[in-house]
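Student: Need coordinates for the below:
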Amino acid sequence: MTNLTLSFAFGENPRSRPLIDGRVSPEGIDLHPTRSGMQELAWRQFHGHEFQISELSMSSLIASHSRGDRSFIGIPVFTTRGFMQTAILVRDGAGIDTPEKLAGKRIGVPEYQQTAALWARGIMEHEFGVHPTSCHWYMERLPEQSHGGSTGFEPPEDLDFQYIPWEKNIDAMLASGELDASLLGGPWGSAPSNVRGRTRKAIVNANRGAVRYGPGTGISRLFPDPAAEGARYFRKTGIFPVNHGVAVRSDVLEEHPWVALNIYQAFLEAKDLWSADKDEAERAYLDTGSVDEGAFQGLQKDLYPYGVRANRHLLETLIQYSFEQGLSDRLVSIEEIFYSPTLDL
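Tutor: I've put the predicted structure just below:
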C-alpha cells in the first residue's frame, strides 16, 4: 500500500532531528519536511494553513481553540522547553535589580501572544507579584506580521499596550533609553530576521548568534545566574515550561485518524534515539541557556516527556495563564486542544 505523503514544517531541536534526517519514519507516512524559523512558521500556518503537520506555538493553539477555531489539533509532543523568565534583559540604569522592580517599567516584547512571553509574564506574576497590567508594553511585530493577527489577538482593555513603529525596534529603543527591559532576549528573542521579522539585534553578535550583555553593553540579565533561577523554579513547581508543540491539520485527522498515533510514536522513537546519546542529551539541557546538568542530578526523570499525563499540571498552568492574561476568550480544557485518542498517552 502506498504511504500517505504529508508536509511537515519544523524549527530546530535535537529531539526531532531523527525525523528530519530520515533515521525515523512514521509508519504509513512519507514526510516532506520544510525547515523554518518559528516566527515565520507560525505566521504561515495561522494565515495560510500551509502545512499538514507542524511545530506550533502552544499559546496560539490555546488562544485559537478558545475562539472556536479547530483548524489545528494538538498532538502531545513538545519540541522545545525553557525557563522563559531567565531570558529577560534589562537596561542598565533603569533601576531593575530585582524582578519585582519590573512593575511600572516599559517592556518590549517581540509578540505579546508568543508562548515564551506568556510563560515569562505568568511566572513574573505568580512568583514575584508583577502583574502584566502594572507594566507598559511595547510589541514589535505589527498585526500584519504576527501570528496573533490571525488568531484574533486584541490587547486586553486594561493593558497599557502599543505597537513599536516600523522604523524602530526593541534593541534600538533599549539602547536609546525608550525601553527599560526586553521580555525575551537570548534564545527566545535574538534570532536573525526572516521574512516576517525586522529586528537586527543591536546586542547580538551576528556571527555567533549570541546575546552580548554585561559590562560595557548597557544590557544585563534580570537573573544574573539563569541556571540557578531555572533550578529554583523547577524544584518549586516541577514545571519545565513547554514552548512549541506539534499540531496536525484537522482535515487530515478527519480523513486519516490513524495519523495522530503514528506521528506520536515516531516522535517518541526520535527522542529515544537522541536520548541514547548521553553526551548529546546532557548538552541539550543547555539549550535555553538557563539549565545545567547539575540542577537535575538525582532526579532520575525524563526532562522532556511527551504525552498528556506527564504534562497535565504544566498544560493546565499554561492554559490558566492564557486566560488570566486575556489571550484566551475562555478557559479551555486540555481535552479540547489535543486529539482525543492521544489524551491517555
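
Student: ok, now how distant is residue 321 from residue 158?
Tutor: Using Cβ to Cβ, to the nearest Å, we find residue 321 at a distance of 16 Å from residue 158. The C-beta positions use only the backbone N, C-alpha and C, and glycine is treated the same way.

Student: Just want to know which of these two has more residues nearby.
Tutor: Neighbours per residue (other Cβ atoms under 10 Å) separate residue 321 from residue 158, with residue 321 holding more: 23 against 10.

Student: is it true that that one touches residue 120?
Tutor: No. Look at residue 321 against residue 120 with Cβ atoms under 8 Å: they stay out of range, at 10.0 Å.

Student: And the strands in the stretch 51-200 of the chain, which stretches?
Tutor: 53-57, 72-81, 89-91, 106-109, 136-139, 160-163, 181-182 (DSSP state E, counting those that start in this stretch).

Student: And the shortest one, what does it pack against?
Tutor: Going back to what we said before, that points to strand 181-182. For strand 181-182, the packing partners by 3 or more Cβ pairs under 8 Å, 6 or more residues apart in numbering; DSSP states H and E come out as strand 89-91, strand 106-109, helix 170-176.

Student: what does that strand contact?
Tutor: With contact meaning Cβ atoms under 8 Å, 6 or more residues apart in numbering, strand 181-182 is reached by 88-91, 94, 96, 102, 105-109, 170-171, 174, 189, 222.

Student: Name the spans of the stretch 51-200 of the chain whose pLDDT lies under the cut-off.
Tutor: Within the stretch 51-200 of the chain, the segments meeting pLDDT under 70 span 185-200.

Student: Equivalent analysis for the stretch 201-345 of the chain, please.
Tutor: In the stretch 201-345 of the chain (pLDDT under 70), the answer is 201-215, 278-300.

Student: So for residue 257, which of the helices and strands packed on strand 181-182 sits nearest?
Tutor: Residue 257 sits nearest to strand 106-109 of all the helices and strands packed on strand 181-182, at 37.9 Å, using Cβ to Cβ.

Student: which helices and strands sit right next to that closest one?
Tutor: strand 136-139, helix 170-176, strand 181-182.

Student: From what I see, residue 341 and residue 260 are in contact.
Tutor: Yes. The pair residue 341 / residue 260 is scored as a contact, 6.0 Å apart, by Cβ under 8 Å.

Student: hang on, the earlier thing: okay, the helices and strands packed on strand 181-182 in JSON lines with mean neighbour count next?
Tutor: Below are these laid out as JSON lines (neighbours: other Cβ atoms under 10 Å):
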{"stretch": "strand 89-91", "mean neighbour count": "25"}
{"stretch": "strand 106-109", "mean neighbour count": "25"}
{"stretch": "helix 170-176", "mean neighbour count": "20"}
